[in-house]
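Q: Next come a sequence and a model predicted from it.
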Amino acid sequence: MQIGKNTESLAVGCGAGFSGDRVDAPPAVVRTLIERGGPSAIIFEMLAERTLALAQLARKANPDLGYEVLLDMELRPILADCLANGITIVGNFGAANPRAAAQMILRLARELGLASPRIAVVEGDDLSSAEGRRLIRECLPGQFDDRRFVCANVYQGAFSIAAAIKAGAQVVVTGRVADPSLTLAPAIAHFGWRETDWDQLAGATMAGHLLECGAQVSGGYFADPGYKDVPGLEDVGFPIAEIAADGSCIVTKASATGGLVDARTVKEQLLYEIHDPAAYLTPDVVADITDAQVEELGPNTVRLSGVRGHPRTPTLKTNVFSDGGWIGEAEISYAGPGAEARARLAMDVLRKRLGRELELRFDLIGVCSVLGDDGNRLLAATAAGAATDVRLRVAAKHDDVSRIDRLLREVPALWTGGPAGGGGAKVSKRQRLSLQSCLVPRERVPASFSFIEQT
């Protein structure tokens, strides 16, 4: 398989790997797809677990919101070029409100003076209805609290997206789908794979897995100076996978950009978030990478082949979010001689004033703050030193927001209540979400698509 101008393969580029990703990355990917020619698509993977739950809260507050807040910034620079060059756009940027996202894209096209694109919305993931709650109650017997329920979304697969593309969709907007399914779907539409073409589905699924985190596979998360050096990280190029009819792929990146694609970056991303290399479970296929081959073909050009597929599972994963009360965070800084001792004294003051009401998590940024230490055991075991630039962070969670508010008052009070030299206090609170996951029978949660008209 050769790179570019190959009508037999399908090139899929990644425009985003999470909500909040760099909005200047997609244009270079689109330019590269156009330069290389041939059938192509660009995917936007923008939903982590909490991202969607927070979008559900935003939609409840305003029914016109709940989709990706950066959607305009992501699509405005590339929409015209994608439509003009037949580059299909697929994204889970619909989040909790795919129909509102589709309407926003139609408005954007009108602002840009473009003909209205054919936009399909894939639905079936949202289980927040009464019927959906009954299903969740069945799958979480004795564990589901309807009073605290916020939302539930099932991970849908690729075939409804593929059906929309085959029906003529230029843009497909989804809510929750499995991350690699965004890439698999255009490949299914392009090659006409059946639901039982397990090896092909598995190969393209792993291509999607390589793309789904954006610049992770092209050097971003890989970079570690002096050990794993990556050139031009300030302009890291986002990845592109050219997928062949047998499901194998060649991974590259946007041309004239920084970053690195080699066997090491591909292997790291291939194993990322994989619990069992012999059984990577997705809605579409169970992928087996135990015999996969990773081969460098040239600079920034790596071939992945040998992925095997097994029949998909009868169930689909569902995330169920519930009201988890509130979390509050507050910070204050100490600097100069004795800074660490003063920060530790401030920590002791807060513990004595609030410890009976709240379970407090303390961090001393500059001393001990990165590793998981909710019980403060690591911090307690860290001997006091002579750090001269320390920021005290304290956090707590509780159902009663008034107790969180008291915490947020106590930290600024340290300005004059002591110890000496505290400054730069900052406080915040937010609703906390609790997550449960369960498996639902796939026949109970069918996905479907429909085309959206301008309203």
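A: Nice, thanks for sending it over.

Q: Walking through the stretch 1-150 of the chain, point out its strands one by one.
A: Counting by DSSP state E, counting those that start in this stretch, the segments of the stretch 1-150 of the chain that form strands are 10-16, 40-44, 87-91, 119-123, 149-154.

Q: Same list, those strands, but as TSV with distance to Glu443, mean pLDDT and mean neighbour count please.
A: Using the backbone N, CA and C atoms, a C-beta is placed for each residue, glycine as well. Formatted as TSV, these follow (distance: least, C-beta to C-beta, whole Å; pLDDT from 0 to 100; neighbours: other C-beta atoms under 10 Å):
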stretch	distance to Glu443	mean pLDDT	mean neighbour count
strand 10-16	29	98	29
strand 40-44	27	98	27
strand 87-91	25	98	27
strand 119-123	17	98	24
strand 149-154	12	95	24
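
Q: Adding distance to Pro239, write those strands out as TSV.
A: Shown next, in TSV, are the strands of the stretch 1-150 of the chain (distance: least, C-beta to C-beta, whole Å):
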stretch	distance to Pro239
strand 10-16	5
strand 40-44	10
strand 87-91	15
strand 119-123	23
strand 149-154	26
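
Q: can you tell which of the ones you listed is closest to Val251?
A: Comparing the strands of the stretch 1-150 of the chain against Val251 with C-beta to C-beta, the closest turns out to be strand 10-16 (10.4 Å).

Q: now that closest one against strand 87-91, angle please.
A: Orientation of strand 10-16 against strand 87-91 (axes from the mean of the first three to the mean of the last three C-alpha atoms, to 10 degrees) gives an angle of 50 degrees.

Q: Strand 10-16 pairs with which strands?
A: Sheet pairing for strand 10-16, assigned by DSSP bridges, gives strand 40-44 (parallel), strand 239-243 (antiparallel).

Q: Of those strands, which is nearest Trp415?
A: Closest approach to Trp415 among those (C-beta to C-beta): strand 40-44, 44.3 Å.

Q: May I see the buried residues of the host helix or strand of Ser437?
A: Counting by DSSP states H and E, the element that carries Ser437 is strand 423-441. Neighbour-count burial for strand 423-441, counted by 16 or more other C-beta atoms under 10 Å, picks out Ala425, Val427, Lys429, Arg432, Leu433, Gln436, Cys438, Val440.

Q: returning to that earlier point: which one of the strands paired with strand 10-16 lies closest to Leu408?
A: Nearest to Leu408, of all the strands paired with strand 10-16, is strand 40-44, at 36.0 Å by C-beta to C-beta.

Q: circling back to that earlier point, please name the strands paired to the following helix or strand past the strand holding Ser437 in the sheet, noting orientation.
A: Next along the chain after strand 423-441, taking DSSP H and E as the criterion, comes strand 448-451. Sheet pairing of strand 448-451 (DSSP bridges) gives strand 119-123 (antiparallel).

Q: Give me the residues contacting the strand it pairs with.
A: If you take C-beta atoms under 8 Å, 6 or more residues apart in numbering as the criterion, strand 119-123 is touched by 94, 98-99, 102, 105-106, 156, 160-161, 164-165, 167, 169-175, 177, 447-452.

Q: can we see that at 6 Å?
A: Strand 119-123 is contacted by residues 98-99, 102, 105, 160-161, 164, 169, 171-174, 447, 449-452 when judged by C-beta atoms under 6 Å, 6 or more residues apart in numbering.

Q: now, which of the residues you listed lie within helices?
A: Pro98, Arg99, Ala102, Ile105, Ser160, Ile161, Ala164 (DSSP state H).

Q: Generate TSV for the strands paired with strand 10-16, with distance to Leu407 as supplementary columns.
A: Converted to TSV, the strands paired with strand 10-16 look like this (distance: least, C-beta to C-beta, whole Å):
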stretch	distance to Leu407
strand 40-44	38
strand 239-243	43
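
Q: Run through the residues that contact Ala343.
A: Applying C-beta under 6 Å, 6+ apart to Ala343 gives the contacts Tyr334, Leu364, Val390, Leu392.

Q: Now the buried members of those.
A: So, by 16+ other C-beta under 10 Å, the buried ones in the contacts of Ala343 are Tyr334, Leu364, Val390, Leu392.

Q: what's the most distant pair in those residues?
A: Top of the distance list for the buried ones among the contacts of Ala343 (C-beta to C-beta): Tyr334 and Leu364, 9.4 Å.

Q: any shared contact partners between those two?
A: Residues touching both Tyr334 and Leu364 by C-beta under 6 Å, 6+ apart: Ala343, Val390.

Q: domain assignment for this structure?
A: Using automatic domain parsing, the domains assigned to the chain come out as 10-127+155-313, 320-437.

Q: Comparing the ones you listed by mean pLDDT, which bottoms out?
A: Within those, the stretch with the lowest mean pLDDT is domain 320-437, showing a mean of 87.

Q: what about that domain, start to end distance?
A: In domain 320-437, first residue to last residue: 6 Å (C-alpha to C-alpha, to the nearest Å).

Q: starting at the chain centroid, how far to that domain?
A: Remark: domain 320-437 is offset 28 Å from the chain centroid, using C-alpha atoms, centre = their mean, to the nearest Å.

Q: can you start the count at 376 instead of 1 from here on
A: Renumbered: residue one is now 376, and that last one reads domain 695-812.

Q: if we can go back for a sec, just the buried ones from the contacts of strand 494-498, in ChimeraX syntax?
A: This is how ChimeraX selects the buried members of the contacts of strand 494-498, with burial counted by 16+ other C-beta under 10 Å:
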select :473,474,477,480,535,536,539,544,546,547,548,549,822,824,827
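
Q: follow-up on the earlier one: looking at the strands of the stretch 376-525 of the chain, spot the one closest to Gly703.
A: strand 524-529 (19.2 Å).

Q: neighbouring contacts of the closest one?
A: For strand 524-529, contacts defined as C-beta under 6 Å, 6+ apart pick out 427-428, 431, 500-503, 511, 551, 691, 693-698, 820.

Q: Distance from the chain centre to it, please.
A: 17 Å.

Q: Could the C-alpha coordinates of that strand be exported in CSV?
A: C-alpha atoms of strand 524-529 as CSV (Å, rounded to 0.1, in the frame of the first residue of the first chain):
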residue,chain,number,x,y,z
PHE,A,524,-29.5,10.0,38.7
VAL,A,525,-27.9,12.5,36.3
CYS,A,526,-27.4,10.6,33.0
ALA,A,527,-26.5,7.3,31.3
ASN,A,528,-25.0,6.7,27.9
VAL,A,529,-24.2,3.5,26.1
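
Q: I'd like to check the angle between it and strand 798-816, please.
A: Going by the same axes, to 10 degrees, strand 524-529 makes 50 degrees with strand 798-816.

Q: Much appreciated, bye for now.
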